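Q: Build the 3D model from these lines:
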Amino acid sequence: MSGTGKTHIALGLGLAACQKGLAVGFITTAALVHELIEARDEKRLLRLQRQIAGYKLLIIDELGYVPLSTTGAELLFEVFSQRYKRGSTLLTSNLPFDEW
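A: Okay, the predicted model is just below:
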């Protein structure tokens, strides 16, 4: 559902977390996947993954807005897997959950 304020709400939650002193990251899915692929190609993927893991809250905007390559999807899954039980991840998407 476009235009319902998902990104606005996510940013508000991110701001509240920042005000409590938490490290927060915000990025679109497309930009994150692009950065992950670029980092992998430049042999600095581990450094980027550590940086991403350091956020107490990572906000990933627009999941499903741009189709992902198999490589992009695998790298994004790694981010989710590495963050499991280590930090919160907030996703926004126009897709129904069963289409992720």
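
Q: only C-alpha atoms for contact and neighbour calcs from this point on.
A: Noted.

Q: where do the helices sit along this protein?
A: Counting by DSSP state H, residue ranges of the helices within the chain are 6-19, 29-41, 45-53, 70-83.

Q: Report all helices and strands that the second one contacts.
A: Just to be clear, that refers to helix 29-41. The helices and strands touching helix 29-41, judged by 3 or more Cα pairs under 8 Å, 6 or more residues apart in numbering; DSSP states H and E, are helix 45-53, strand 57-63, helix 70-83.

Q: The second one pairs with which strands, and in what direction?
A: What it means is strand 57-63. Within its sheet, and counting by DSSP bridges, strand 57-63 is paired with strand 24-28 (parallel), strand 88-93 (parallel).

Q: Give me the most central residue, this protein.
A: Centrality entry for the chain: nearest residue to the mean C-alpha point is residue 60, 3.1 Å, by Cα atoms, centre = their mean.

Q: ok, it - contacts?
A: Remark: with contacts taken as Cα atoms under 8 Å, 6 or more residues apart in numbering, residue 60 is in contact with 26, 27, 28, 29, 89, 90, 91, 92.

Q: Let me know whether the third one touches residue 62 as I believe.
A: In other words, residue 28. Yes - using Cα atoms under 8 Å as the test, residue 28 is close enough to residue 62 to be in contact (5.9 Å).

Q: coming back round to it: of all the helices and strands packed on helix 29-41, which one comes closest to residue 22?
A: Distances from residue 22 to each of the helices and strands packed on helix 29-41 were compared using Cα to Cα; the shortest belongs to strand 57-63, at 7.4 Å.

Q: Show the average pLDDT along that closest one.
A: The pLDDT scores in strand 57-63 average 97.
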